[in-house]
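Predicted model and sequence follow; I will ask about them next.
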Amino acid sequence: MTTAPARKTVELPPLTSAPGRLLKHPRLMHYNRLAALVLVLNATYAVVSWPLSARELAHASLAGLALAVLVRQQYVINLLFRMATWPSTNWPLKVRWTLGKVYHFGGLHVGGALAGSVWFLALTVQEGNEPSAVVGWALVALLAVIVATALPPFRTRHHDHFEKIHRFGGWTALILFWAHTLLSGAGPVSVTVLAVVTFSVALPWLRLRKVDVRLERPSSHVVLARFDHGETPFAGSSTAISRSPLGEWHSFANVPAPGRPGFRLTISRAGDWTGSFIDDLPERVWVKGITTAGVANIETLFTRVVYVATGSGIGPCLPHLLAAEVPSRLVWATREPRTTYGDALVDEILAVQPHALIWDTSRHGKPDMVRLAYAAYRDFGAEAVICISNKKLTWQVVHGLERRGIPAYGAIWDS
């Protein structure tokens with residue numbers, strides 16, 4: 001383990017060509033490419049097939065809605081990860097590099113939601129004075145609110161409100177879709193698709209339950225939550241918990257211990273909800289849904305990986321470090337690691353990562369994480385870097401490395 005900053009400045013490799021850098025720009029990330037692809041395909045269909053009948057408009061709208069909902073379904077997400085990580089490490093690196101971007105699937109959600117909303121607006125305009133038009137215009141107004149509040153300016157500043165509007169507005173929209181579909185006399189195809197979408201939305205809530213939790217608070221900044229209610233999730237998955245089922249829900253990375261039942265969550269103080277959780281130490285919490293694959297599951301696409309984490313970002317990295325399915329090297333920058341997270345957790349990390357670079361920011365200040373990541377990538381002979389940190393630093397590391405021709409991955413905050 002190294003805890004002191006390196007004395008020699010690491011020289012970063014040169015930037016790739018201008019076209020290569022352009023393709024790695026955040027605005028052209030795979031998330032945006034997928035959203036654009038869905039919109040282009042829908043626009044092409046509209047141009048080629050216009051004018052469309054009411055039934056065709058209804059089918060197009062429902063197809064967009066179904067895509068938006070189903071691509072967020074936990075079993076579908078897990079399937080996407082399983083398919084993307086199926087290839088062996090013998091495949092060309094460029095192919096595996098692209099497959100590793102599977103977690104950008106949220107672009108399909110955005111594209112489907114926007115396309116479906118526009119198609120439904122066109123359908124409602126065409127309906128004129130039909131009985132279903134009243135429900136249609138109510139649904140158009142609701143969809144407009146959902147889309148507007150999902151845009152980054154509102155979502156970033158008012159994320160809690162965004163989640164509530166998205167949840168309750170989405171449920172209401174689904175009810176209105178059913179009313180509109182039945183009033184308009186839609187055929188069996190529309191009813192079947194809508195039934196599948198409804199079941200998909202309901203499924204996580206059908207598994208809602210309140211369970212016991214054992215909490216260990218090594219410091220006022222962190223609590224380690226231990227669960228043992230008959231579930232042992234796979235490494236790299238996440239679980240959503242809440243203190244009130246109709247209130248806020250927060251997802252945290254599951255940390256199962258190899259060969260032992262149950263799992264842990266690492267919860268750090270990052271707002272009112274987490275702060276209250278750490279201070280109150282509740283004895284029971286609500287859990288729902290199906291454990292869902294996270295970004296770091298793409299590690300199996302590579303022969304060796306470097307994990308870069310700051311603060312509580314160690315939580316999503318820890319299950320992969322413990323499972324050791326892929327040779328890895330850890331770079332972790334955090335404030336007073338032993339004081340903040342406890343000796344037991346740090347010793348557990350060092351037991352599986354004896355060569356980890358643990359940078360104490362209280363002693364050495366904030367490091368240049370791009371240079372640290374590259375140094376570990378070079379020295380370890382890794383094929384990729386996975387960064388778990390805050391939004392700003394994650395983009396710095398991912399973009400800083402990819403524009404130099406190094407595969408890098410990190411969460412994209414699309415929800």
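That came through, no problem.

is it true that residue 407 touches residue 303?
No. Using CB atoms under 8 Å, residue 407 makes no contact with residue 303, being 11.7 Å away. (C-beta placed from N, C-alpha, C; glycine too.)

any shared contact partners between those two?
residue 383 (CB atoms under 8 Å, 6 or more residues apart in numbering).

Compare neighbour counts for the two and give me the winner.
Higher neighbour count among residue 407 and residue 303: residue 407, with 24 against 15, using other CB atoms under 10 Å.

Strands of this structure, residue ranges please.
For the chain, applying DSSP state E gives strands covering 209-212, 214-219, 222-227, 237-242, 250-253, 263-268, 284-293, 305-310, 328-334, 357-360, 384-388, 408-410.

Present those as JSON lines; the columns should include mean neighbour count and distance to residue 129.
Listed next are the strands of the chain as JSON lines, based on neighbours: other CB atoms under 10 Å; distance: least, CB to CB, whole Å:
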{"stretch": "strand 209-212", "mean neighbour count": "12", "distance to residue 129": "48"}
{"stretch": "strand 214-219", "mean neighbour count": "15", "distance to residue 129": "59"}
{"stretch": "strand 222-227", "mean neighbour count": "20", "distance to residue 129": "56"}
{"stretch": "strand 237-242", "mean neighbour count": "20", "distance to residue 129": "44"}
{"stretch": "strand 250-253", "mean neighbour count": "20", "distance to residue 129": "45"}
{"stretch": "strand 263-268", "mean neighbour count": "22", "distance to residue 129": "54"}
{"stretch": "strand 284-293", "mean neighbour count": "18", "distance to residue 129": "42"}
{"stretch": "strand 305-310", "mean neighbour count": "27", "distance to residue 129": "59"}
{"stretch": "strand 328-334", "mean neighbour count": "24", "distance to residue 129": "63"}
{"stretch": "strand 357-360", "mean neighbour count": "22", "distance to residue 129": "67"}
{"stretch": "strand 384-388", "mean neighbour count": "27", "distance to residue 129": "55"}
{"stretch": "strand 408-410", "mean neighbour count": "26", "distance to residue 129": "51"}
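
okay if I get these as TSV plus mean pLDDT?
Formatted as TSV, the strands of the chain follow (pLDDT from 0 to 100):
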stretch	mean pLDDT
strand 209-212	94
strand 214-219	92
strand 222-227	92
strand 237-242	92
strand 250-253	90
strand 263-268	92
strand 284-293	90
strand 305-310	97
strand 328-334	96
strand 357-360	95
strand 384-388	96
strand 408-410	96
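
Please identify which of the ones you listed is closest to residue 65.
Across the strands of the chain, residue 65 has its closest neighbour in strand 284-293 (20.4 Å, CB to CB).

How far away from the center of its chain is the closest one?
15 Å (CA atoms, centre = their mean, to the nearest Å).

do the same with stretch 276-285
25 Å.
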